[in-house]
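**Q** what's the 3D shape of this:
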Amino acid sequence: MRFRERLREVEPIYVARSLSGLAIDPRAIQLRRELAAVVPAQVALALRRNGTEAAWELREKILKEAPDEVLMSLRGLDTERAWEIREKKAKEKHYPALLESLGGIDSDIAWAFRERLGEEYLPWVLLSLSEVYGEKAWRWRNEHIGRAPKIVIKTLGRSDDQRAWELRDRAKFLAKEVLDSIAGLDSSRAWALRHELKDKWPNTTVSSLGAGNQSERAWKFRWEQMERNSDNLLLVKHVVKACLRANAPDEEELEEEGLDDELT
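**A** Model prediction:
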């Protein structure tokens, strides 16, 4: 927080972003309030999944200046206040951001929006299936895996459901995201997929191990891939990260959240 205070005037965008996840820290709440007039969009994005009263007050304050980002901040929030904002912005046709906010929501009203917008905004509708694992979500994934394999696979997370593995099998030579979807998994299926794709996407197979996997099997795989792809700097980067974790085993692996670049 001392660094944030020092940098708030010269780097307000990055300071605002860094407040993500600090839902109840009083210093973070106050700093968000102060930065809302300067970088409202970034403050809104830092409110993702935040359902506190302070977060709702900020959303109402910056909704006009940053409507899309406020909608994105509602991801996973299936509450009356969240739907009031969605319904209001739907009338203004903020559809991509609205659909992003439906991630993790399997309710009837969420599906009404998906079905209504499915033809014109299909990529965003499919992305909204992230963290949604009901029967209807699986039907949509199966229906569109051939048309949009990368997007569909991105919605699987690390699911170990049989249906997830069937989709991975259908898309494994089309989208390296199948390897991202098994990041950290140590099952026999995950290993079989890594070996099957180790020549096609060498650095992604290594990254799919997760830096925290310090098993003998994982290190044997990393060194073999290094020997086979000695000029692949991305692969080297993932091996170095694993080395760092070996020296700091208690450090948590950080994952980037959000769908900012899902469609690039």
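**Q** and the residue lying closest to Asp186 once chain neighbours are set aside, what pLDDT?
**A** The spatially closest residue to Asp186, leaving aside those adjacent along the chain, is Asn213, at 6.6 Å (CB to CB, 6 or more residues apart in numbering). Every residue, glycine included, has its C-beta placed from N, CA and C. Listed pLDDT for Asn213 reads 93.
**Q** Please identify which helix or strand holds Asn213.
**A** For Asn213, there is no helix or strand it lies in under DSSP states H and E.
**Q** and if you look at Glu143?
**A** Going by DSSP H and E, Glu143 is part of helix 135-144.
**Q** Which secondary structure elements does that helix sit against?
**A** Using 3 or more CB pairs under 8 Å, 6 or more residues apart in numbering; DSSP states H and E as the contact criterion, the elements in contact with helix 135-144 are helix 122-127, helix 149-154, helix 162-171.
**Q** what about Ala183, neighbour count?
**A** For Ala183, the neighbour count with other CB atoms under 10 Å is 18.
**Q** Same question for Pro40.
**A** Pro40 has 20 nearby residues by other CB under 10 Å.
**Q** ok now do Leu209, which residues does it touch?
**A** Ala183, Gly184, Arg194, Ala218, Phe221, Arg222, His238, Ala242 (CB atoms under 8 Å, 6 or more residues apart in numbering).
**Q** I'd assumed Ala211 was in contact with the first one.
**A** No - here Ala183 lies out of contact with Ala211, judged by CB atoms under 8 Å, at a distance of 9.9 Å.
**Q** pLDDT at Tyr121, what is it?
**A** For Tyr121, pLDDT reads 97.
**Q** so where is this protein shaky, pLDDT-wise?
**A** 249-264 (pLDDT under 70).
**Q** Domain parsing of it, as residue ranges.
**A** Using automatic domain parsing, the domain parsing of the chain gives 1-73, 75-127, 133-181, 185-249.
**Q** what number of residues lie near the closest residue to Ala137 other than its chain neighbours?
**A** Closest residue in space to Ala137, ignoring its immediate chain neighbours: Leu129 at 4.8 Å, by CB to CB, 6+ apart. Using other CB under 10 Å, Leu129 has 26 neighbouring residues.
**Q** ok, and the closest non-adjacent residue to Arg217?
**A** Trp191 (7.8 Å).
**Q** quick one: the one you found from Asp161, how far?
**A** 18 Å (CB to CB, to the nearest Å).
**Q** Could you report the neighbour count for Glu65?
**A** Neighbourhood size, Glu65 [other CB under 10 Å]: 15.
**Q** which element is the residue of the chain most remote from its centre on?
**A** Relative to the centre of the chain, and counting by CA atoms, centre = their mean, the farthest-placed residue is Glu227 at 31.8 Å. Assigned by DSSP H and E, Glu227 belongs to helix 216-228.
**Q** can you list the residues that contact stretch 224-244?
**A** Taking CB under 8 Å, 6+ apart as the rule, stretch 224-244 contacts 198-199, 202-203, 205-207, 209, 211, 213-214, 218-219, 222.
**Q** change it to 10 Å
**A** Here stretch 224-244 makes contact (CB atoms under 10 Å, 6 or more residues apart in numbering) with 194, 198-199, 201-214, 218-219, 222-223, 251, 253.
**Q** Quick check: end-to-end length of it?
**A** For stretch 224-244, the separation between the terminal residues is 19 Å (CA to CA, to the nearest Å).
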